[in-house]
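Peer 1: the sequence isn't on hand, but the structure is:
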């Protein structure tokens, strides 16, 4: 099986030695995304988990499109939040992106990210 690196300018540039996503066979592995503006590379909405979750999901959606998939094909997501007491605020936004047949999910309180970061999400999706 050969891997294919996925990249789109409609999502944030990686800030380290990783790819936005990697396709292997019919699976697409999207790296953890934060609330970063793809055009400016700037981190947005410090401390606001709802706005950050919405931005993260939009970035993931663009990467999935670039890899030939979509949110409907996500089979697993891993969510890292800075404070578990913000879970309901996060979840209220997240569930808008998965209205039917949501993926399997793990959610973990990570403690401290860099200043103001509340959430990071990565996903695995099927490429039909």
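Peer 2: Done, it's in. Quick caveat, the model's predicted, so the values are computed rather than measured.

Peer 1: use CA for all of it now, contacts and neighbours both
Peer 2: OK.

Peer 1: avg pLDDT for the longest helix belonging to the chain?
Peer 2: Longest helix in the chain by number of residues (criterion: DSSP state H): helix 49-66. Model confidence over helix 49-66 averages 98 on the pLDDT scale.

Peer 1: what comes up buried for it?
Peer 2: Burial within helix 49-66, assessed by neighbour count using 16 or more other Cα atoms under 10 Å, is assigned to 49-64, 66.

Peer 1: do stretch 25-42 as well
Peer 2: Neighbour-count burial for stretch 25-42 flags 27, 28, 29, 30, 31, 32, 33, 34, 35, 36, 37 (criterion: 16+ other Cα under 10 Å).

Peer 1: how about stretch 93-104?
Peer 2: Within stretch 93-104, the residues scored as buried using 16+ other Cα under 10 Å are 93, 94, 102, 103.

Peer 1: ok, and what's touching that stretch?
Peer 2: Contacts with stretch 93-104, where a contact means Cα atoms under 8 Å, 6 or more residues apart in numbering, come from 50, 53, 54, 57, 71, 72, 74, 75, 76, 77.

Peer 1: surely residue 30 touches residue 78?
Peer 2: No. With contact taken as Cα atoms under 8 Å, residue 30 and residue 78 are classed as non-touching, separated by 10.4 Å.

Peer 1: quick one: low-confidence residue ranges for this structure.
Peer 2: Within the chain, no range satisfies pLDDT under 70.

Peer 1: at 90 what do you get?
Peer 2: For the chain, the stretches flagged by pLDDT under 90 are 1, 15, 111-115.

Peer 1: what segments of it are strands?
Peer 2: Taking DSSP state E, the strands of the chain run over residues 3-6, 21-24, 27-33, 74-81, 104-109, 119-126.

Peer 1: so for residue 14, which of these sits nearest?
Peer 2: strand 27-33 (9.1 Å; Cα to Cα).

Peer 1: circling back: what is the nearest of the buried residues of stretch 93-104 to residue 9?
Peer 2: residue 94 (23.2 Å).

Peer 1: ok, now how distant is that closest one from residue 11?
Peer 2: 18 Å (Cα to Cα, to the nearest Å).
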